[in-house]
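In: Build me a model from this:
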Amino acid sequence: MVFLAFFDSKLRAQKKAEEAENSRLQYERTCQLLGGEVTFPGSLDSDEMWWRDHFLWLKDIGYQLRPRHAPDWVPSWTGTDKYWALCEDSWRMPATQIASAIRTSDGAHVVLKRIQPSLHPHEVEVGKFLASEPLGQQRENHCVEMLDVLQVPNEADEAILVLPLLRPFDDPPFETIGEIIDFALQVFEGLQFMHKYHVAHRDCMDLNIMMDPRQMYPHPFHPCRPSRRLDLKGWAKHRPRTECPPRYLFIDFGISRRYQAWQVAPLEPPIWGGYKGVPEFQTSNEPRNPFPTDVWYLGYALQQQLLEVYRGLSFMEPLVSDMLQTDPAKRPTMDEVVSRFVPTYSALSPWKLRSRAVKKEEWIIMRPFRALFHWLRCLRFLWRRLPAIPSLIV
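Out: As a prediction, the model looks like this:
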């Protein structure tokens, strides 16, 4: 009976494979009749084909792309009954202008970003300036480091930025009020640092703030599925931020600008970033000072991603409200933002700082159980004398 069951399962698998192959061939014939390009679920899109075409060149200079982008790639689910979306080589990066790779010189996991210098002429200049000495080693510098800039051969208007592998700043979610304050403090001083050296980001929205999580994750995570381990042996488990403080970094200097020291209030034509509600861009196309606009962008990011998501952050509301003033002249500078924020969080009690960051949408019946687990873990942090605001040295 066992043999018959095994034989029957093999027949079913073979039948599924034959059906899948017949379906694929029928799809190819239809595409050819209609004059379209032959594709299949999980196949490379047109932007990914650019990475495929440069696979061997990147390998020669020390960057190994995923097997998916190899010129001779054959999908692992071909000829099997595997569901294509569950196969690792079907997974794509969130944006097709980026690709994950391994730097063969040291095995580091990096991200390659394809840019066109003619469209973003200042991105490389700004990135290199912020990473140069002595700026690159300053604690207040929260700008992603450009590890390398690659000029694509025979393509004058194509370049590749080599960047570290990062995660969204709120993935995993914050667990304590102190961790949220740590994030706000880092992004405040990061934008203050950029403005100090006369650089306007011009698009410091939430998607352009990332986290370097290397200390938090004992096992590397997959760049296409950050919830999974890189070796696919289960979920990517992480340590708490309080235990392993991450650094938060600004990325994407595509529309950023660097100014001379004497340009205290430069004027630039409006340029739309990720947020479309910038007040000064709504009524006029007159040139504007980009530094107050940066303040609005960051304030809006905090309002949308923190104040409207978590409970217990009313102490931040006055400052964020001022950052969102309709009149740019009424917004605080980043120096003023930092000088106001420090006494604000310093006045909070240790109990408040270590209290749990509760999402507004959290199911109320789960709160007592999560609160109990939270305070049991806090006792361990207290015993180890870990600061309530993770990155602060006490």
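
In: Helices of the stretch 1-150 of the chain, residue ranges please.
Out: For the stretch 1-150 of the chain, the helices defined by DSSP state H, counting those that start in this stretch cover 2-34, 46-53, 55-60, 123-131.

In: Which one of these has the poorest average confidence?
Out: Lowest mean pLDDT of those: helix 2-34, a mean of 54.

In: Can you point out the buried residues in stretch 137-152?
Out: 141-144, 146, 150 (16 or more other Cβ atoms under 10 Å). Glycine gets a C-beta too; all of them are placed from N, C-alpha and C.

In: quick one: which of the residues you listed is nearest to residue 347?
Out: residue 142 (24.3 Å; Cβ to Cβ).

In: nearest spatial neighbour of the closest one, skipping sequence neighbours?
Out: residue 190 (2.8 Å; Cβ to Cβ, 6 or more residues apart in numbering).

In: counting contacts, what elements does the helix or strand that the one you found is a member of pack onto?
Out: Residue 190 belongs to helix 177-196 when assigned by DSSP states H and E. Applying 3 or more Cβ pairs under 8 Å, 6 or more residues apart in numbering; DSSP states H and E, we find helix 177-196 packed against strand 247-250, helix 290-302, helix 334-346, helix 350-354.

In: Going along the chain from the second one, find the next helix or strand for me.
Out: Spelled out, that is helix 290-302. From helix 290-302, the next helix or strand downstream (DSSP H and E) is helix 317-323.

In: now the shortest one
Out: Using DSSP H and E, the helix or strand that follows strand 247-250 in sequence is strand 257-258.

In: Any idea how far the helix or strand that comes right after that following strand is from the middle of the chain?
Out: Using DSSP H and E, the helix or strand that follows strand 257-258 in sequence is helix 279-282. In terms of Cα atoms, centre = their mean, to the nearest Å, the gap separating the centre of helix 279-282 from the centre of its chain is 27 Å.

In: Check stretch 310-328 too.
Out: Distance, centroid of stretch 310-328 to centroid of chain: 24 Å (Cα atoms, centre = their mean).

In: Distance across that stretch, terminal residue to terminal residue?
Out: 27 Å (Cα to Cα, to the nearest Å).

In: just stretch 98-112 next, same as before
Out: 5 Å.

In: check contacts around the residue sitting nearest the centre point of the chain.
Out: Centroid-nearest residue in the chain, with Cα atoms, centre = their mean: residue 168, separated by 3.8 Å. By Cβ atoms under 8 Å, 6 or more residues apart in numbering, the contact set of residue 168 is 207, 210-211.

In: Closest to residue 160 out of those?
Out: residue 210 (18.5 Å).

In: Partner strands of the host helix or strand of that closest one and their direction?
Out: Element membership of residue 210, judged by DSSP H and E, is strand 209-212. Neighbouring strands of strand 209-212 in its sheet, by DSSP bridges, are strand 167-168 (antiparallel), strand 247-250 (antiparallel).

In: Now residue 251. Its backbone dihedrals?
Out: phi -130, psi 180 (degrees, to the nearest 10).

In: Not counting sequence-adjacent ones, nearest residue to it?
Out: Residue 251 sits nearest to residue 144 (Cβ to Cβ, 6+ apart), 4.6 Å away.

In: Pull up the gap between that neighbour and residue 110, please.
Out: 11 Å (Cβ to Cβ, to the nearest Å).

In: for residue 390, same thing?
Out: 26 Å.

In: Also residue 284?
Out: Counting by Cβ to Cβ, the gap from residue 284 to residue 110 is 42 Å.

In: Between those two, point out the one with more neighbours.
Out: Relative neighbour count places residue 110 above the other of residue 284 and residue 110, with 20 against 9, counting by other Cβ atoms under 10 Å.

In: tell me the contacts of the more buried one?
Out: 63, 100-103, 147, 162-165.

In: Give me the buried entries from the residues you listed.
Out: 63, 100-101, 162-165.

In: List just the nearest of the residues you listed to residue 291.
Out: residue 163 (25.1 Å).

In: Assign the closest one to one of the three secondary structure states.
Out: strand (DSSP: H, G, I helix; E, B strand; the rest coil).

In: what is the residue nearest to it when sequence neighbours are not counted paired to in the beta sheet?
Out: Of all residues not flanking residue 163 in the chain, residue 111 sits nearest, at 4.8 Å (Cβ to Cβ, 6+ apart). Beta-bridge pairing of residue 111 under DSSP bridges involves residue 100, residue 163.

In: how near is residue 94 to residue 168?
Out: 10 Å.

In: And for residue 354?
Out: 24 Å.

In: pLDDT of stretch 221-237, averaged?
Out: Stretch 221-237 comes out at a mean pLDDT of 93.

In: which neighbours do residue 144 and residue 110 share?
Out: With the criterion set as Cβ under 8 Å, 6+ apart, the overlap between the contacts of residue 144 and residue 110 is 163-164.

In: Count the neighbours of residue 233 for me.
Out: 9.

In: got a list of what the residue nearest to it when sequence neighbours are not counted touches?
Out: In space, residue 233 comes closest to residue 219 once its chain neighbours are excluded; the distance is 7.9 Å by Cβ to Cβ, 6+ apart. Residues near residue 219 by Cβ under 8 Å, 6+ apart: 229-231, 233, 236-237.
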